[in-house]
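J.: below is the structure, and that's it, no one-letter string:
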């Protein structure tokens with residue numbers, strides 16, 4: 001069992017119809033038919049949405065995504081129409097709300113990997129492949145790959161794992177032409193972002209994108225290149241052969257699996273609330289990622 005420890009009640013706003021509560025985002029539709037995405041401060045780990053929020057996290061994700069959308073605009077268009085707060089929305093939505101085009105979404109998590117870790121490492125250790133792609137012998141946790149690879153996954157419901165699939169399976173599900181577009185856009189966006197991050201002393205190990213169609217045009221949607229959707233590592237601490245320090249939920253994961261938390265990940269019991277030092281350290285990592293990548297000061 002997993003999912004929400006405490007599922008929140010969505011805020012009701014006149015003129016907006018609530019559509020969905022995700023791990024982090026609330027999704028609405030306005031009277032014009034556009035989507036309104038609100039990024040909360042919720043955080044998830046080990047397929048659980050935790051009961052403790054990380055202050056400013058939703059704003060960091062939103063503002064960082066907007067910055068990246070601009071960096072990628074010549075490669076692939078994005079779905080953002082406006083950042084204006086809908087009439088009647090609570091003041092807390094400021095800075096965490098996007099009004100977006102309603103797209104025909106492609107049901108594929110489009111993952112690009114430039115380094116070996118996570119579920120890719122687990123598959124490689126068994127078969128020397130990732131999503132069916134053969135890789136050289138001798139790679140370890142954190143190894144740089146010979147070149148970026150497209151390793152798609154199926155989209156899972158809250159509380160369930162995404163499942164890695166082969167490119168051939170994606171082509172079977174969505175058609176060869178769409179699969180080719182997804183792979184090209186994913187690898188082009190990853191390569192651009194990897195190079196930008198590298199200039200700022202950060203390794204972009206992997207990332208996932210979501211795409212949809214606006215008519216016949218492929219459009220990148222949701223969030224892009226945030227610590228929630230990517231693995232960012234400090235370049236000066238990169239050391240293949242071990243788990244890398246990262247700009248994400250590392251403090252949360254480490255505490256949850258520590259003796260201090262008292263939580264058994266293998267049990268069906270929900271994880272406990274996070275202590276304040278873990279909350280503060282996690283917030284600081286998200287803010288640091290924003291500042292180092294964009295060169296801007298946070299608030």
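T.: Cool, the structure landed. Being a predicted model, the structure only gives us computed values, none of them experimental. Numbering: from 1, shown residues only.

J.: what about the closest residue in space to residue 46 that isn't next to it in sequence, neighbour count?
T.: Leaving out its chain neighbours, the residue that sits closest to residue 46 by C-beta to C-beta, 6 or more residues apart in numbering is residue 265, at 5.8 Å. Placement of C-beta: from N, CA and C, glycine included. With neighbours defined by other C-beta atoms under 10 Å, the count for residue 265 comes to 14.

J.: phi first, then psi, for residue 265.
T.: Backbone torsions for residue 265, taken as degrees, to the nearest 10, come to phi -60, psi -30.

J.: that one reaches residue 258, doesn't it?
T.: No: Residue 265 lies out of contact with residue 258 (C-beta atoms under 8 Å); the separation is 10.9 Å.

J.: run the chain-centre distance for the strand or helix carrying residue 109.
T.: Applying DSSP states H and E as the criterion places residue 109 in strand 108-115. When C-alpha coordinates are averaged (C-alpha atoms, centre = their mean, to the nearest Å), strand 108-115 and its chain have centres 11 Å apart.

J.: do the same with stretch 204-218
T.: Centroid displacement of stretch 204-218 relative to its chain, using C-alpha atoms, centre = their mean, is 12 Å.

J.: then stretch 190-199?
T.: Relative to its chain's centre, stretch 190-199 lies at 16 Å (C-alpha atoms, centre = their mean).

J.: list the buried residues of that stretch.
T.: Of the residues in stretch 190-199, those with enough neighbours to count as buried (16 or more other C-beta atoms under 10 Å) are 190, 191, 192, 193, 194, 196, 197.

J.: go on, stretch 3-19?
T.: Under the neighbour-count criterion of 16+ other C-beta under 10 Å, stretch 3-19 has 4, 5, 13, 16, 18 buried.

J.: could you list the residues in contact with that stretch?
T.: Among residues not part of stretch 3-19, those counted as contacts by C-beta atoms under 8 Å, 6 or more residues apart in numbering are 21, 26-31, 35-36, 40, 42, 47-51, 86-90, 158-159, 270-271.

J.: mind listing which of these are in helices?
T.: Among the contacts of stretch 3-19, no residue falls in helices (DSSP state H).

J.: contacting residues around residue 80?
T.: Applying C-beta under 8 Å, 6+ apart, the residues near residue 80 are 66, 69, 98, 99, 100.

J.: keep only those of those residues that are in helices.
T.: Here DSSP H is the test, and those give 66, 69 as lying in helices.

J.: among the buried residues of stretch 3-19, which one has the lowest pLDDT?
T.: Sorting the buried residues of stretch 3-19 by confidence puts residue 5 at the bottom, with a pLDDT of 89.

J.: how about low-confidence regions in the stretch 151-299 of the chain?
T.: Low-confidence segments of the stretch 151-299 of the chain (pLDDT under 70): 156-161.
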